[in-house]
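**Q** make a model of this:
(chains A and B)
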There are 2 protein chains.
Amino acid sequence: VSARIGGAAAWPLLAILAQAVAAEGPARDSLAERYAGVAGRIIGAELVQGRAHAMLQHLTDRIGPRLSGSAGAEAAVRWTRERLAQEGLTARLEPVKVPHWVRGVEEAELVAPNRHKLVVTALGGSIPTPEPGLSAEVVEVASFEELAALGPARVRGRIVLYNRAITASEGYGVAVVYRTRGAVEAARHGAVASLVRSLGTHALRAPHTGAMGYDDAVPRIPAAALTAEDADLIHRLLAAGENVRVQLRLGCRTLPDADSANVVADLPGREQPEEIVLIGAHLDSWDLGTGAIDDGAGVAVVMESLRLLKVLGLTPRRTIRGVLYMNEENGLRGGRAYAEAHGAELMRHVAAIESDGGGARPTGFAALTGPGGIEIVAEIASLLRSLGADGVSAGGSGGADISTLRPARVPLLGLQQDGKRYFDWHHTAADTLDKVDPLELAQNAAALAVMAYVLADMPEPLPRPGTAE
Amino acid sequence: VSARIGGAAAWPLLAILAQAVAAEGPARDSLAERYAGVAGRIIGAELVQGRAHAMLQHLTDRIGPRLSGSAGAEAAVRWTRERLAQEGLTARLEPVKVPHWVRGVEEAELVAPNRHKLVVTALGGSIPTPEPGLSAEVVEVASFEELAALGPARVRGRIVLYNRAITASEGYGVAVVYRTRGAVEAARHGAVASLVRSLGTHALRAPHTGAMGYDDAVPRIPAAALTAEDADLIHRLLAAGENVRVQLRLGCRTLPDADSANVVADLPGREQPEEIVLIGAHLDSWDLGTGAIDDGAGVAVVMESLRLLKVLGLTPRRTIRGVLYMNEENGLRGGRAYAEAHGAELMRHVAAIESDGGGARPTGFAALTGPGGIEIVAEIASLLRSLGADGVSAGGSGGADISTLRPARVPLLGLQQDGKRYFDWHHTAADTLDKVDPLELAQNAAALAVMAYVLADMPEPLPRPGTAE
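**A** Numbers count the residues shown, from 1 in each chain, chains lettered A, B, ... in the order given. Coordinates of the predicted model:
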């Protein structure tokens, strides 16, 4: 459930808040009043002397793609640690074993009713096809229900194409299951390979990769994403009554797990350093682009928030900890490793904030807290009104990496961005630096720094959410 | 010079036209009045029973890319001829010898200051690199003047990157010379290869190919287009003072000229069949996409205009001739062959109209005529006002293929389309059927059919333009 606060729907709740403030009388020093000066310093300093974009530029232009297990991922671990150290922050590496999947050749061709090159990319985790490729008829479905209705008689020996587009009403969340679980469901009915329409919102014949999984009880079959254009082509040919046959060749493979790390850096608190506000993003990316929006932007704003508070000499009551997670994309091993390694101190994690929605202008926060917490988050976010980052919604899990803190009942916040173009570029070769505006990235760093500072400094921590259902 | 008629700027000229009509008194039966009934029949029939999109679908989905000399180009020649014959039109092939360039492997990598995959595509006509590729430092320029200022000392042995974006103010026309002539100018100063920033208006890491040429007096060097993202990357690295080195491998090559053909079909006139209104488009396309907007859409509307007039039994005074030109993209051999083969009858070509601007909604016509001709075209176009296709501008050459008729002083018209997104897809793998809206394509077919019919039927032909300067 997501009750939006900050737009038109916010008025009733804001009215309640205003009444609450009024009830306490004029003596009450609200959070917004108390931290207005600090927020102004943070925002002003970031907009004039911010380094978020310079950090993102290094991460993308100089290091490049950072898929778990790759040389780029390891270079990113080393560089972010060194860069934080340069700012006087003590950064440490916490070990994470990660999957090591590598992309190889990827080729597809329509071979009947006519010959036509198709543009595909393997999904992360897919097994390869046999060396010369495989060739089979295509059956198209828009849901698992349609697949089940066809049954083994129509699916066995064939390639299943899940042709389900992201729509404004359904979004990525509805369609993504065909990428993650498509191969398992197709194989259950005897398919020899699984294709998914690229999960994107702007088609320029670019395929969108992403994670997929297998089930030990079901045979493993190769899985790839097809461009929207090519999915449309197959749809039209099938609609015309043709038998459509595709030749698919994937050379991807999974190597033994690799050693990698989360990068963790603390800005120690001045009164209760054992209490922690975690700010996080993920350091790994897919291999096609350079991971600027996913999630280089998040990494840059986390590092920049720490640098900025440090350079401004703003030391909050509690510790602010930056965590650059490894392997969000295809395993979530970093998120799990952190929760496990820090199990004993998770009850002293008073909040966690993740940024994993790109680098477009910040719009606010989603927050999962205990009763009364959302109103506090909204009051802090009101300091970000001039940035347009004061929208607050209740619920969510903050982000995939920090969702692993949910069992420990840590309040979880997600810094949110304008997502209108995010899925144009998501998981494609076009996820590159030019998609991030320096000013908008600075606004994100400022918003994250203000929220983290106030959460770490205010007298009482946020109410913790209840146990997960 | 392009004086727009039909929008705000049209009022003075429309006022003059209105006065002219008024001066002749109520007895004058204007072209618009005379042909309103016919225009209504054509437009209504096309919007209800049009086949333009079905034809385009076959050309792109079933035949696919149609680069000169390829099997696809020959299949397109055969199919369009047969399809026109099915409609009762006699279509003939007129021979054209065409260049036969084939794309091979194309790979590029940034190798200093760091390693980074780059996305390139060879320009049509380029020679290959040596087999293992070539590696050289990159110098970036935004113009031939900047290149000349660097001179051989800075250019010799290097790769020249022309990093000039299409802008709203300059457009494709200004930037395209760096694609067509870039290799020659770079080689003149000793460069070993030429890269051009992709000529596109929406970057999704897709390279835009296109024609380039050599000069016999200058060494030939390989030439490719780089994506906008990768051109930006190199720009940033050079701006940071780095030496940038690129490894480039192109396997493209030119085979002996191939036999191909223009496809020509007549709808014979009822009174002066020896006088001809030519309607044309080009049948060849680049090889990356399926040539839906460039120029499958034009081919479909030319074929559809002929079909529609035939099925409606609308036989104008003069002959309407459809010409599907071969090899507009990389040679213009079809346009030249037609002008040569028909030299004796060009004085009886009373107008030529080309459609080569995509399949988006029609906006009107550019027209190169003699004195008074533009007003006549505007009056005919006023019949297309409900389609928004009544904008008329003076000048231009109608289109590359029919520009070869300019020396014979044939009035030249270009059917124009809304071009806002044209260069998003132009010459990329994303030039596919889904980029064309069926209704908008039907509007184009109707607009072309109405203009061609009235030009072929009105008592006096358009005034011929003067000799070219």
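**Q** going by C-alpha atoms from here, please, whenever you check contacts or count neighbours.
**A** Will do.
**Q** which parts of the strand ranked longest in chain A are buried?
**A** Longest strand of chain A, by residue count under DSSP state E: strand A:253-267. Within strand A:253-267, the residues that count as buried by 16 or more other CA atoms under 10 Å in any protein chain shown are A:Arg253, A:Ser260, A:Ala261, A:Asn262, A:Val263, A:Val264, A:Ala265, A:Asp266, A:Leu267.
**Q** near chain B too, which of those?
**A** With CA under 8 Å from any CA of the partner chain as the criterion, the buried residues of strand A:253-267 include none near chain B.
**Q** and of these, the nearest to B:Asp437?
**A** The nearest member of the buried residues of strand A:253-267 to B:Asp437, counting by CA to CA, is A:Arg253 at 40.5 Å.
**Q** gap between that closest one and A:Gly104?
**A** A:Arg253 is 8 Å from A:Gly104, where distance means CA to CA, to the nearest Å.
**Q** the residue lying closest to A:His349 once chain neighbours are set aside and A:Glu379, how far apart?
**A** Distances taken as CA to CA, 6 or more residues apart in numbering or on different chains place A:Ile276 nearest to A:His349, at 4.6 Å, with adjacent residues excluded. Per CA to CA, A:Ile276 is found 21 Å from A:Glu379.
**Q** neighbour count for these two, which is higher?
**A** Between A:Ile276 and A:Glu379, counting by other CA atoms under 10 Å in any protein chain shown, A:Ile276 is the more crowded of the two (27 against 19).
**Q** and the next helix or strand past the helix or strand containing that one?
**A** Under the criterion of DSSP states H and E, A:Ile276 resides in strand A:272-282. Heading C-terminal from strand A:272-282, the first helix or strand you meet, by DSSP H and E, is helix A:297-311.
**Q** ok, and what's touching that following helix?
**A** Helix A:297-311 is contacted from outside by A:42, A:45-46, A:50-53, A:55-56, A:84, A:87, A:89, A:267, A:279-283, A:315, A:320, A:322-324, A:354-359, A:436, A:441-442, A:444-446, A:448-449, using CA atoms under 8 Å, 6 or more residues apart in numbering or on different chains.
**Q** just the buried members of those?
**A** The neighbour count (16+ other CA under 10 Å) marks A:42, A:45-46, A:50-53, A:55-56, A:84, A:89, A:267, A:279-283, A:315, A:320, A:322-324, A:354-359, A:436, A:441-442, A:444-446, A:448-449 as buried among those.
**Q** not counting its neighbours along the chain, what's nearest A:Leu56?
**A** Distance criterion CA to CA, 6+ apart; nearest residue to A:Leu56, sequence neighbours excluded, is A:Ala300 at 5.5 Å.
**Q** number of residues surrounding the one you found?
**A** Neighbourhood size, A:Ala300 [other CA under 10 Å]: 30.
**Q** among the buried ones among the contacts of helix A:297-311, which are in helices?
**A** The helices in this structure, assigned by DSSP state H, contain A:42, A:45-46, A:52-53, A:55-56, A:84, A:441-442, A:444-446, A:448-449 from the buried ones among the contacts of helix A:297-311.
**Q** which one of those residues is nearest B:Gly72?
**A** Distances from B:Gly72 to those, taken by CA to CA, are shortest for A:Leu56, at 44.6 Å.
**Q** got the contact list for the closest one?
**A** For A:Leu56, the contacting residues are A:Ala292, A:Gly296, A:Ala297, A:Val299, A:Ala300, A:Leu433, by CA under 8 Å, 6+ apart.
**Q** quick check: the farthest pair among these?
**A** A:Val299 and A:Leu433 (13.2 Å).
**Q** near chain B, which residues of chain A?
**A** Residues of chain A lying near chain B (CA under 8 Å from any CA): A:61-64, A:113-114, A:116, A:203-206, A:229, A:232-233, A:425, A:429-430, A:432, A:434.
**Q** where does the stretch 351-469 of chain A get nearest to chain B, residue-wise?
**A** Proximity of the stretch 351-469 of chain A to chain B (CA to the nearest CA) peaks at A:Ala430, 4.9 Å away.
**Q** now do the SS call for that residue.
**A** coil (DSSP: H, G, I helix; E, B strand; the rest coil).
**Q** same question for A:Ala456.
**A** Strictly by three-state DSSP, A:Ala456 counts as helix.
**Q** and it, what pLDDT?
**A** Predicted confidence (pLDDT) for A:Ala456: 98.
**Q** what distance do you get for the nearest residue to it once chain neighbours are set aside to A:Tyr453?
**A** Among residues not flanking A:Ala456 along the chain, A:Arg318 sits closest, at 4.9 Å (CA to CA, 6+ apart). As judged by CA to CA, A:Arg318 and A:Tyr453 stand 9 Å apart.
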